[in-house]
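Visitor: here is the input, now give the coordinates:
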Amino acid sequence: MRANRAVFVVLLLLMCLGLSAPALAQYSLGTVSAIATETCPTMLGGQATDWVTQTSGGSDLATVCYHATVSCPQLPDLGITYGIATPTTPSNGMIVFIRGSGGTITLPGNISKELPFDLFHDSYQSVQAGWDTWWQLTGWPDSGSFKVAACREATFLNFMYTNYYQTNTNNTATAGMCVHAQSAAAGALALAMTYYGAGSYIDKADFVSGPQYGNLVQGCVPNQPESSVCAPVNGKTPNGCNVYAGSFSEYPDYHTGSASNISRELGQNPPCDDTSHNYTAADITTLTDTSLIDGLSDASYTYPQTAVAAYECDDDIDFNNPTSLQGWYWLSQMSTASQTAGGCNYGSSKTPNPKACLMVNRVWGCTQVEQPSTGFVCQGSSCPVCTGTPPNITCTCGGKACSDAGTPSYAMRNVAENDYKNLLNGCIKRH
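Guide: Reported below is the predicted structural model:
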């Protein structure tokens, strides 16, 4: 009975979304309405918003804020607050910053060395956003789908592209449309690219840990085996990985708070990481169908006009966190150079295909879970050497103690910022 019900729900969703089985098309976007300017709120999701300011740590907002409603098939309407900081100088591009968990908090941008702040002051239009409630919640009491819920983020990103990026007459000829996503928001971005065609307009996609939801069978069925990120395939370093960085291992399954969140988002159908639950064939189908890797023809892993960069902490195993491995499940689908844009130059990062616009960075020395910004990456053949476990980690970079000030070329935050500004690899127009 449960298996029949699961099949019926899947078919119903496909019909409602304008899809057919088994030859599935990309999912349809929703709409954005009730757009209104508002005073920028100081708090969203229980945390300070820290909108982009003119001066570091100042109160002189460079941001104009709006509230809008996003409507998607089979989902309740959901509000979103977003702030746009537009440079007065010619714009080098738009970068939309979306945050993890339920996406209800903004990525801070009011202090120097925070990406929204720095990139705005380097003449990029910076967007920070937070949902009214978690984007993953579908409103169905006993089921859920990340694939369906991602319509919200995909619709919002497309809205930013159509209504702000494309209409900005101050864009330079090379200004790109780019997205910077963290943790669960990285999962939303990957879902938007995989199932909603976002690769057709996003010029650069940055994943700061993740994306989540790569393989939810591995993530939610307990006691899965350890696996590796960037492990050689037939003796060769995978596409996008630094040949000197080597591989690292994690367990793929979610635990504690992460598992509880996923269970809630899926309406406990099935629960995630529940050792008392008997995972049936129907459960496996449900988890597969809502993963980034679903094995169906509704998914696309080819983005020939999009540059992709990822930053993956190599010590998340110490936090009992699977985000880097879950992200690798998706990133490894781009196994050939032609699946992402060409024309980059990642020779200094020692990737197997340096002209292919894919870079998967192993990040050493992360002192907080899913926080690559606290860590360091390889510079060519010179990689950080770390001892200890987080948060008590000691790392050396090029023979010096790793630090933002002492070894800036290794610091992930600086690498990511410079990568955006790079004239070949960065946030440049590719569509």
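Visitor: where does residue 19 land on pLDDT?
Guide: If you check residue 19, the pLDDT there is 34.
Visitor: check residue 26 too.
Guide: 85.
Visitor: for it, which non-adjacent residue is closest in space?
Guide: With CB to CB, 6 or more residues apart in numbering as the criterion, residue 26 has its nearest non-adjacent residue at 4.9 Å, and that residue is residue 197. For glycine as for every other residue, the C-beta is placed from the backbone atoms N, C-alpha and C.
Visitor: count of residues packed around the one you found?
Guide: Residues within reach of residue 197, counting by other CB atoms under 10 Å, total 19.
Visitor: kindly report the same for the one 3 residues further on.
Guide: Burial of residue 200, expressed as a neighbour count using other CB under 10 Å, amounts to 16.
Visitor: can you give me the helices for the stretch 151-300 of the chain?
Guide: 151-160, 184-195, 216-220, 256-265, 281-289 (DSSP state H, counting those that start in this stretch).
Visitor: which ones are touching residue 105?
Guide: Counting by CB atoms under 8 Å, 6 or more residues apart in numbering, residue 105 touches 44-47, 49, 99, 130.
Visitor: can you pull out the strands in the stretch 201-350 of the chain?
Guide: In the stretch 201-350 of the chain, the strands defined using DSSP state E, counting those that start in this stretch lie at 204-208, 227-229, 248-250, 307-313.
Visitor: other SSEs contacting the second one?
Guide: What it means is strand 227-229. Contacts defined by 3 or more CB pairs under 8 Å, 6 or more residues apart in numbering; DSSP states H and E place strand 227-229 against strand 248-250, helix 323-331.
Visitor: next secondary structure element downstream of the longest one?
Guide: Counting by DSSP states H and E, the next helix or strand C-terminal to helix 323-331 is strand 358-363.
Visitor: what about the nearest residue to residue 312 once chain neighbours are set aside, how many residues nearby?
Guide: Take residue 312 and drop its neighbours on the chain: the residue closest to it by CB to CB, 6+ apart is residue 324, 3.9 Å away. Applying other CB under 10 Å, we find 30 residues neighbouring residue 324.
Visitor: got it, and residue 212?
Guide: Using other CB under 10 Å: residue 212 sits among 31 other residues.
Visitor: just residue 406 next, same as before
Guide: Counted with other CB under 10 Å, residue 406 comes out at 12.
Visitor: then the one 4 residues further on?
Guide: Using other CB under 10 Å, residue 410 has 26 other residues around it.
Visitor: pretty sure it contacts residue 398?
Guide: Yes: assessed by CB atoms under 8 Å, residue 410 is found in contact with residue 398 at 7.0 Å.
Visitor: overlap in contacts of these two?
Guide: Common neighbours of residue 410 and residue 398 (CB under 8 Å, 6+ apart) are residue 379.
Visitor: isn't residue 386 right up against residue 397?
Guide: No: with contact defined as CB under 8 Å, residue 386 does not count as touching residue 397 (9.6 Å).
Visitor: tell me which of those two has more neighbours.
Guide: Set residue 386 next to residue 397 and count neighbours by other CB under 10 Å: residue 397 wins out with 25 against 20.
Visitor: the more buried one pairs with what?
Guide: Beta bridges link residue 397 to residue 400 when assigned by DSSP bridges.
Visitor: and it, what does it touch?
Guide: Contacts of residue 397 by CB under 8 Å, 6+ apart are 376, 379, 382, 384, 406-407, 410.
Visitor: on that earlier part again, the residue nearest to residue 312: what's it in contact with?
Guide: Applying CB under 8 Å, 6+ apart to residue 324 gives the contacts 209-210, 229, 248, 250, 312-314, 316.
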